[in-house]
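1. Sequence unavailable; structure follows:
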């Protein structure tokens with residue numbers, strides 16, 4: 001299931017009509033990225049899911065070199081795809097590479113809210129693992145997400161030992 005499909009389901013259940021809103025009302029590319037991040041990026045309802053990370057970050061990467069790894073080539077391609085079309089695996093891969101975190105962490109938490117053990121192509125809970133293992137300094141920008149994620153993971157039981165350790169490290173203040 002793509003994030004767009006998960007979002008459509010969440011919007012219907014929350015009674016949110018129509019298409020996703022712009023990242024920041026009236027926000028055009030003239031606004032500095034830091035201003036946008038400070039205003040609304042944590043509000044997943046406000047993310048423009050029709051835009052790619054390259055558009056949202058206003059940062060167009062050059063094409064990967066001919067000798068680039070499959071992972072690097074995949075990450076470059078995914079940055080050009082609208083975020084609403086990204087799958088759980090796509091989000092897991094990008095988050096694992098620390099790409100687009102201000103936009104993808106809120107989307108990942110949205111998925112984890114519905115299914116904490118959501119999986120991409122690796123194993124059950126691989127999205128949660130990718131989210132939990134981001135550097136703690138990243139989370140300073142997202143206190144509301146931290147609170148929500150702590151609420152989600154604190155209710156989980158019977159986790160594999162490796163994931164249990166990651167949850168424990170995340171929960172330690």
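-> Alright, I've got the coordinates. Because the structure is predicted, anything quoted here is derived from the model rather than measured. Numbering: from 1, shown residues only.
2. quick one, helices of this structure?
-> 3-14, 33-39, 53-57, 70-79, 88-96, 101-114, 126-132, 136-139, 143-154, 161-171 (DSSP state H).
3. The ones you listed: which one's closest to residue 63?
-> Closest approach to residue 63 among the helices of the chain (CB to CB): helix 70-79, 7.0 Å. The way it works is simple: take the backbone N, C-alpha and C, and place the C-beta from them, glycine included.
4. hmm, which helix or strand of the chain has the shakiest average pLDDT?
-> Sorting the helices and strands of the chain by mean pLDDT, DSSP states H and E puts helix 33-39 at the bottom, at a mean of 32.
5. residue nearest the centroid of this structure?
-> Nearest to the mean C-alpha position of the chain, by CA atoms, centre = their mean, lies residue 104 at 2.0 Å.
6. and that one, what is it in contact with?
-> Contact analysis of residue 104 by CB atoms under 8 Å, 6 or more residues apart in numbering lists 53, 83, 86, 91, 94-95.
7. and of these, the nearest to residue 119?
-> Nearest to residue 119, judged by CB to CB, of those is residue 91 at 11.4 Å.
8. The closest one is in contact with residue 108, isn't it?
-> Yes - if you go by CB atoms under 8 Å, residue 91 and residue 108 touch, sitting 5.5 Å apart.
9. circling back to that earlier point, of the contacts of residue 104, which is the nearest to residue 172?
-> Using CB to CB, those come closest to residue 172 at residue 95, 20.6 Å.
10. still on that earlier bit, residue 159 versus the residue nearest to the centre of the chain, what's the distance?
-> For residue 104, the distance to residue 159 equals 23 Å [CB to CB, to the nearest Å].
11. Likewise for residue 98?
-> Here residue 98 is placed at a distance of 24 Å from residue 159 (CB to CB).
12. Could you check which of those two has the larger neighbour count?
-> Remark: of residue 98 and residue 159, residue 159 carries more neighbours, 18 against 12, as counted by other CB atoms under 10 Å.
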